[in-house]
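1. Model the structure of this input:
(2 chains)
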Amino acid sequence: MTAVFFVAAVITLITTALAITRANPVHGLLNFVLSLLSMAVIFFTLGAPFAAALEVMVYAGAVVVLFLFVVMMLSLDTRAARREREWMVKTVWVLPIVLVAVLGGVLARVMFFSPGDDSAPTVITPQEVGAHLFSGGIGAVELASMLLLAGLIGAFHMGRK
Amino acid sequence: MISWQMPAGLAIALFLMGLLGLLARRSLVFVLMSIEIMLNAAGLLFIAAGMRWHTADGQIMFIFVLNLAGAELALGLIFLLRLRARLTTLDGDAANLLRDA
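-> Below is the predicted model of the structure:
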């Protein structure tokens, strides 16, 4: 399981790095799909099969298809890709990399220099997740439904001509 | 044997990559993708926490993060289409008509 985790983690990191550096949006999206699928493998190795299934269905399925529809509607051509490449000069990355490195150093320090235990991951089944979700967190479910309704109405309103 | 630090470290790395993309890219398609990467990293951290404390709450929070990502993405993509129709560009810096001229 550990070997599978490490392979999937390396694939996730590489494909995510490729996804945010491509000039062509479709190439970026295809790398993003790979990163999401390997993330689903990681969830599986962490003992969360339900989250892995949701990752494949919702992220790699619905979210990426939505992205692809919009990219198709934008009808990007080679001219757009060339302009994109002009925006991506090397100097653009310098300041963000410095800021992100500082933030990452602080986060890693907090995370890895605190005590923890190393017990084996136990598999948490979908049944347990469902029982917890609909017994303890029913108010949060209602709030999530309100959020989705607000998103639906907002998208409908903004999408009208 | 996977200790909880490994997925947590991966979540940090992914979050920082998303933040890097958000700061460095100008095309709004990639900005939205970077936001999705960051939300995904937050979900991974919740799953890792659920593994660390052997509870289903991590996966429940992951479902809510998924909800939030879906609602945010729908609105974000609609705004992207509207901006493209209005300014004929995907450059986030072009949307500055609200500023005091």
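
2. Which residue ranges of chain B form helices?
-> Remark: helices assigned in chain B by DSSP state H are B:5-24, B:28-52, B:57-87.

3. Out of these, which one sits most buried?
-> helix B:28-52 (a mean of 23; mean count of other CB atoms under 10 Å in any protein chain shown). For the C-beta atoms, the positions are set from N, CA and C on the backbone; glycine is no exception.

4. That one - contacts with which helices or strands?
-> helix A:2-19, helix A:25-45, helix A:64-74, helix B:5-24, helix B:57-87 (3 or more CB pairs under 8 Å, 6 or more residues apart in numbering or on different chains; DSSP states H and E).

5. Next, the angle from it to helix B:57-87.
-> Interaxial angle of helix B:28-52 relative to helix B:57-87 (axes from the mean of the first three to the mean of the last three CA atoms, to 10 degrees): 180 degrees.

6. What ranges in chain B fall below the confidence cut-off?
-> B:1, B:99-101 (pLDDT under 70).

7. And the spatially most central residue of it, how far from chain A?
-> Chain B has B:I35 as the residue nearest its centroid, 2.4 Å off, counting by CA atoms, centre = their mean. Relative to chain A, B:I35 is positioned 11 Å away (CB to the nearest CB, to the nearest Å).

8. do B:R25 as well
-> 7 Å.

9. Would you mind giving the helices of chain B as CSV with distance to A:E55 added?
-> Converted to CSV, the helices of chain B look like this (distance: least, CB to CB, whole Å):
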stretch, distance to A:E55
helix B:5-24, 13
helix B:28-52, 8
helix B:57-87, 8
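
10. contacting residues around stretch B:15-22?
-> By CB atoms under 8 Å, 6 or more residues apart in numbering or on different chains, the residues outside stretch B:15-22 that reach it are A:13, A:16-17, A:19-20, A:93, A:96-97, A:100, A:103-104, A:107, B:30-31, B:33-38, B:40-42, B:45.

11. May I have that stretch exported as PDB, CA atoms only?
-> The C-alpha trace of stretch B:15-22 is given here as PDB (Å, rounded to 0.1, in the frame of the first residue of the first chain):
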ATOM      1  CA  PHE B  15      -2.000  23.600  -2.200                       C
ATOM      2  CA  LEU B  16       1.200  25.600  -2.800                       C
ATOM      3  CA  MET B  17       1.200  24.500  -6.500                       C
ATOM      4  CA  GLY B  18      -2.300  25.700  -6.800                       C
ATOM      5  CA  LEU B  19      -1.400  29.000  -5.100                       C
ATOM      6  CA  LEU B  20       1.600  29.400  -7.400                       C
ATOM      7  CA  GLY B  21      -0.700  28.900 -10.500                       C
ATOM      8  CA  LEU B  22      -3.200  31.400  -9.100                       C
END
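
12. just how off-centre is it within its chain?
-> Relative to its chain's centre, stretch B:15-22 lies at 9 Å (CA atoms, centre = their mean, to the nearest Å).

13. Run a quick check on A:G47 versus A:V123, I expect a contact.
-> Yes. Counting by CB atoms under 8 Å, A:V123 is a contact partner of A:G47 at 4.3 Å.
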